[in-house]
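Novice: no sequence on hand, only this structure:
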């Protein structure tokens with residue numbers, strides 16, 4: 001389980017262990033007060049004082065033991081339960097009338113803390129074992145148990161087993177959540193690698209294939225080989241295979257010193273302008289965090305690559321940058337032939353992930369969205385929106 005899984009477990013279990021520690025101290029005080037205000041009925045108060053003294057020393061000395069499941073060891077649980085059972089069985093020795101009335105035992109409800117420790121440590125089976133021993137001790141101590149005795153024994157037994165079962169369900173949920181977080185992190189890393197490959201290697205292989213076919217001769221064979229490698233690489237990327245040495249935790253961080261300041265998006269988009277690409281931008285800087293600015297610029301570049309690839313070199317494109325208080329919107333529009341209905345889904349199924357990963361994937365990671373509008377024969381428009389609040393995180 002990775003760091004996120006451990007954090008999830010701590011966030012769920014730590015309050016339970018803290019509550020148990022507080023419960024043990026409070027119930028110890030309660031048991032002492034019962035003795036103080038009812039000591040007249042004890043024939044042998046020395047026995048009661050001895051039992052309560054052992055309970056007090058043990059409870060205060062072992063508070064760190066009930067801070068987590070790892071520190072709450074089996075030997076501790078065994079001794080803790082033994083003290084509780086001994087206190088119950090010694091109650092008639094301190095109070096000769098304990099077997100004839102339904103008064104509290106010497107440990108009183110402190111005993112339930114031992115049972116709860118079993119439940120938190122080992123689940124409902126451990127809780128059932130501990131509560132059964134406590135039930136037997138209470139019945140033996142009473143001699144002739146009443147209906148109230150059986151009622152209290154059954155209540156502790158059912159409650160402890162229920163708590164143990166809830167703990168087991170919570171732990172199973174934590175493991176499932178931790179696994180889901182691992183899968184999500186791996187998926188995001190795979191998508192990031194797919195975008196990088198699409199923006200670099202796949203574009204070069206596609207260009208070599210087109211140019212080789214156009215030139216003919218030996219170049220055509222080179223183009224054919226490049227095309228085969230492009231197909232193989234697309235299949236590898238779309239199949240979700242991530243190199244084992246590149247895990248989300250091991251991904252290199254950007255080589256930036258100090259605390260990077262915001263970046264003007266206009267400077268990153270300026271190289272996109274050309275004879276066939278018109279860039280319209282605000283007069284003031286469009287500031288975004290460095291990572292968000294780079295990803296948004298890369299998505300714009302992927303959209304322009306699609307224009308050149310599918311609409312041809314004769315197509316024109318326009319980039320419009322809008323800087324709003326709560327979001328930045330970049331629109332890329334072209335006058336090409338447009339995209340036929342169902343073509344994007346077909347391309348994604350073939351492993352062509354330009355729109356799915358290089359554009360939509362990037363915007364999704366930024367907390368934004370990418371909307372595509374295309375009418376056959378009337379060009380294509382891609383609107384990229386990045387909320388400022390999410391992009392800053």
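Specialist: Thanks, I have the structure now. The structure presented is a predicted model; accordingly, all values stated were derived computationally and were not measured.
Novice: just the helices in the stretch 51-200 of the chain please.
Specialist: Ranges of helices in the stretch 51-200 of the chain, per DSSP state H, counting those that start in this stretch, are 74-89, 91-94, 110-122, 124-142, 147-197.
Novice: for the ones you listed, which one sits closest to residue 29?
Specialist: With distances scored as Cβ to Cβ, the stretch of those nearest to residue 29 is helix 110-122 (9.5 Å). In short, each C-beta sits where N, CA and C put it, glycine included.
Novice: and that closest one with helix 74-89, angle?
Specialist: Relative orientation of helix 110-122 and helix 74-89, computed by axes from the mean of the first three to the mean of the last three Cα atoms, to 10 degrees: 160 degrees.
Novice: list the buried residues for helix 110-122?
Specialist: 110-122 (16 or more other Cβ atoms under 10 Å).
Novice: adding distance to residue 143 and pLDDT, write those residues out as TSV.
Specialist: Converted to TSV, the buried residues of helix 110-122 look like this (distance: Cβ to Cβ, whole Å; pLDDT from 0 to 100):
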residue	distance to residue 143	pLDDT
110	22	91
111	18	89
112	22	88
113	25	89
114	23	90
115	22	90
116	27	89
117	28	90
118	26	91
119	29	88
120	32	88
121	32	88
122	32	87
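Novice: which of those lies closest to residue 18?
Specialist: Using Cβ to Cβ, residue 120 comes nearest to residue 18 of the buried residues of helix 110-122, at 11.1 Å.
Novice: end to end on stretch 320-332, go ahead and measure it.
Specialist: 7 Å (Cα to Cα, to the nearest Å).
Novice: contacts for that stretch?
Specialist: Under the criterion Cβ atoms under 8 Å, 6 or more residues apart in numbering, residues 265-266, 269, 279-282, 284, 286, 288, 296, 299-300, 303-304, 307, 317-319, 333, 368, 381-389, 391 lie in contact with stretch 320-332.
Novice: any idea how far it is from the chain center?
Specialist: Computed by Cα atoms, centre = their mean, to the nearest Å, the chain-centroid distance of stretch 320-332 equals 32 Å.
Novice: again with stretch 64-76
Specialist: Worked out by Cα atoms, centre = their mean, stretch 64-76 lies 26 Å from the chain centre.
Novice: please enumerate the strands of the protein.
Specialist: Remark: strands assigned in the chain by DSSP state E are 263-264, 277-280, 287-288, 317-323, 327-334, 369-374, 380-387.
Novice: apart from its neighbours in sequence, what residue is nearest residue 124?
Specialist: residue 164 (3.4 Å; Cβ to Cβ, 6 or more residues apart in numbering).
Novice: meant to ask about residue 210, not that
Specialist: Leaving aside its chain neighbours, residue 210 sits nearest to residue 223 (7.1 Å; criterion: Cβ to Cβ, 6+ apart).
Novice: who are the neighbours in contact with that neighbour?
Specialist: Contacts here follow Cβ under 8 Å, 6+ apart; on that basis residue 223 touches 208-213, 215.
Novice: same thing but at 6 Å, please
Specialist: By Cβ atoms under 6 Å, 6 or more residues apart in numbering, the residues touching residue 223 are 208-209, 212-213.
Novice: output these as a markdown table; include the columns pLDDT, neighbour count and distance to residue 53.
Specialist: Shown next, in a markdown table, are the contacts of residue 223 (pLDDT from 0 to 100; neighbours: other Cβ atoms under 10 Å; distance: Cβ to Cβ, whole Å):
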| residue | pLDDT | neighbour count | distance to residue 53 |
| --- | --- | --- | --- |
| 208 | 73 | 19 | 86 |
| 209 | 71 | 21 | 87 |
| 212 | 73 | 20 | 92 |
| 213 | 74 | 15 | 93 |
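Novice: from these, which land in helices?
Specialist: Among those, the residues falling in helices (DSSP state H) are 208-209, 212-213.
Novice: pull the most distant pair out of those residues.
Specialist: Applying Cβ to Cβ across these, the maximum distance is between 208 and 213, 9.6 Å.
Novice: any stretches of the stretch 1-150 of the chain with poor pLDDT?
Specialist: For the stretch 1-150 of the chain, applying pLDDT under 70 flags the ranges 1-12, 96-102, 144-149.
Novice: from residue 131, how far off is residue 138?
Specialist: 10 Å (Cβ to Cβ, to the nearest Å).
Novice: out of the two, which sits in the more crowded spot?
Specialist: Legend: neighbour count by other Cβ atoms under 10 Å for residue 138 and residue 131, higher for residue 131 (27 against 21).
Novice: circling back to that earlier point, can the buried residues of helix 110-122 go into a markdown table with extra columns for distance to residue 175?
Specialist: Listed next are these as a markdown table, based on distance: Cβ to Cβ, whole Å:
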| residue | distance to residue 175 |
| --- | --- |
| 110 | 33 |
| 111 | 32 |
| 112 | 28 |
| 113 | 27 |
| 114 | 27 |
| 115 | 25 |
| 116 | 22 |
| 117 | 22 |
| 118 | 21 |
| 119 | 19 |
| 120 | 17 |
| 121 | 17 |
| 122 | 16 |
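Novice: what is the nearest of those residues to residue 177?
Specialist: After measuring the buried residues of helix 110-122 against residue 177 - Cβ to Cβ - the closest member comes out as residue 120, at 19.3 Å.
Novice: OK, contacts around the closest one?
Specialist: 16, 167.
Novice: could you rerun that using 8 Å?
Specialist: So residue 120 contacts 13, 16-17, 20, 69, 72, 163-164, 167 (Cβ under 8 Å, 6+ apart).
Novice: show the buried residues in those.
Specialist: Buried among the contacts of residue 120 (16+ other Cβ under 10 Å): 13, 16-17, 20, 69, 72, 163-164, 167.
Novice: as JSON lines, those residues with distance to residue 183 would be great.
Specialist: As requested, the buried ones among the contacts of residue 120 are arranged in JSON lines below (distance: Cβ to Cβ, whole Å):
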{"residue": "13", "distance to residue 183": "23"}
{"residue": "16", "distance to residue 183": "27"}
{"residue": "17", "distance to residue 183": "29"}
{"residue": "20", "distance to residue 183": "33"}
{"residue": "69", "distance to residue 183": "26"}
{"residue": "72", "distance to residue 183": "31"}
{"residue": "163", "distance to residue 183": "31"}
{"residue": "164", "distance to residue 183": "29"}
{"residue": "167", "distance to residue 183": "25"}
